[in-house]
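1. sequence-free structure coming up:
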């Protein structure tokens, strides 16, 4: 339950300034104003407000996304931050102005009124410890680097298809590994590749740990039989320059990802709960820190699985009116959090016996892959929440036996 607040602040932001509205705990007149987003102006402005509200905590509300405001206000221990859904704020404002007429100042006033009247029903942002905030930032940073590398890889493959498609068959399955980047930088065209001696190519592959004689013979056969799409230097040379630029960026991102993973491992292993998440099926060194960051370290934040399922977007939304009823995917949620549970579910079914049976059961009933994965993530979340709250390690065999005793229909697929 939220504490009694000494001051309510509603903020409507722009890139250059903040429109704000102040309301006291009673029904005294509101005070509005404007302040620059420059930290040199924000700090003295807020310190003056804190001095006026020295008798209790301060509630600050603004529309998401506003990472700079979250970062600024989270450093104050007496501030409770309410990041609001923009759709909820807009609906509230339109209930008083059907014409949808509004300004930054009026929006700030409505936000202050909204949090003043309804803060008990709103979910405040819970400040994590500095170590947990570091882990949460690191796992999101790593994922953003992976997404950037995937984009570069897709552009690289599209470029190779234009003038050098044989290289795609010669690369590894992932096609972004250091060996692949080095291969494309060293032989960026078919003409350059065919001019290399077989012994040089064998030495390159052996140096990078690829020593399969069968794969080596297949690669050399592809190179010997290959014919270029074009031999015009005017066409090939600009494409080689583009390829080099893409591969250099991809290689640099790979190095940054490795650095981030080392730091994530260092920070995550310091948490007691890391052992719990590391032992989960398919979690490994990638998903264990992400799951740890998703659950956090404060068990009082999530009183039950339903609260986390709704917040993360894994739980669907039911809409019912009269005889009409529909169940749809939840849209408004922290995307990275939902992505964490969904992607781990996609990995877990490869390592968990009952999860494979769950997938087979629902696939037999015509469900699509990602629909099943959302259902599996929902199931996993309920299991983990109970074990996490009880400080009990997850036991695969115990849960499988419980399914058998209950006569779960997925048990018929446990042997698959």
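-> Looks like it arrived, so ask away. It should be emphasised that the depicted structure is a prediction, and the values quoted were computed from it without experimental measurement.
2. Could you give the number of residues near residue 9?
-> As a burial measure, residue 9 scores 26 neighbours (other Cβ atoms under 10 Å). All C-beta spots, glycine's among them, are computed from the backbone N, C-alpha and C.
3. swap that for residue 128, sorry
-> Using other Cβ under 10 Å, residue 128 is surrounded by 17 other residues.
4. so it makes contact with residue 295?
-> No: if you go by Cβ atoms under 8 Å, residue 128 and residue 295 don't touch, sitting 10.8 Å apart.
5. Now do the domain split for this protein, please.
-> 7-127, 133-266, 274-413 (automatic domain parsing).
6. In a markdown table, list the ones you listed along with mean pLDDT.
-> As requested, the domains of the chain are exported to a markdown table (pLDDT from 0 to 100):
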| stretch | mean pLDDT |
| --- | --- |
| domain 7-127 | 85 |
| domain 133-266 | 94 |
| domain 274-413 | 91 |
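7. For this protein, which segments are assigned as strands?
-> For the chain, the strands defined by DSSP state E cover 7-13, 17-23, 31-36, 58-63, 79-84, 317-321, 324-328.
8. For the fourth one, enumerate the helices and strands it packs against.
-> Contact partners of strand 58-63 among helices and strands, from 3 or more Cβ pairs under 8 Å, 6 or more residues apart in numbering; DSSP states H and E: strand 7-13, helix 67-73, strand 79-84, helix 104-118.
9. from those, which stretch is densest packed?
-> Mean neighbour count (mean count of other Cβ atoms under 10 Å) peaks for strand 7-13 among the helices and strands packed on strand 58-63, with a mean of 24.
10. got a list of contacts for that one?
-> Here strand 7-13 makes contact (Cβ atoms under 8 Å, 6 or more residues apart in numbering) with 18-25, 37, 49, 52-53, 56, 58-63, 66, 69, 104-105, 107-116, 119.
11. any idea how far residue 156 lies from residue 185?
-> Distance from residue 156 to residue 185, counting by Cβ to Cβ, to the nearest Å: 11 Å.
12. what's the distance between the spatially most central residue of the chain and residue 115?
-> For the chain, the residue sitting closest to the mean C-alpha position, by Cα atoms, centre = their mean, is residue 336 at 2.3 Å. In this view, residue 336 and residue 115 are 25 Å apart by Cβ to Cβ.
13. what distance separates stretch 180-198 from the middle of the whole chain?
-> What separates the centre of stretch 180-198 from the centre of its chain is 37 Å, taken as Cα atoms, centre = their mean, to the nearest Å.
14. From the rest of the structure, what touches it?
-> So stretch 180-198 is contacted by 156, 163-164, 166-167, 170-172, 174, 204, 208, 220, 223, 226, 228, 231, 236, 239-240, 243-244, 247-248, 250-251, 254 (Cβ under 8 Å, 6+ apart).
15. please redo it, this time with the cut-off set to 7 Å
-> With contact meaning Cβ atoms under 7 Å, 6 or more residues apart in numbering, stretch 180-198 is reached by 164, 166-167, 171-172, 220, 223, 226, 228, 236, 240, 243-244, 247, 250-251.
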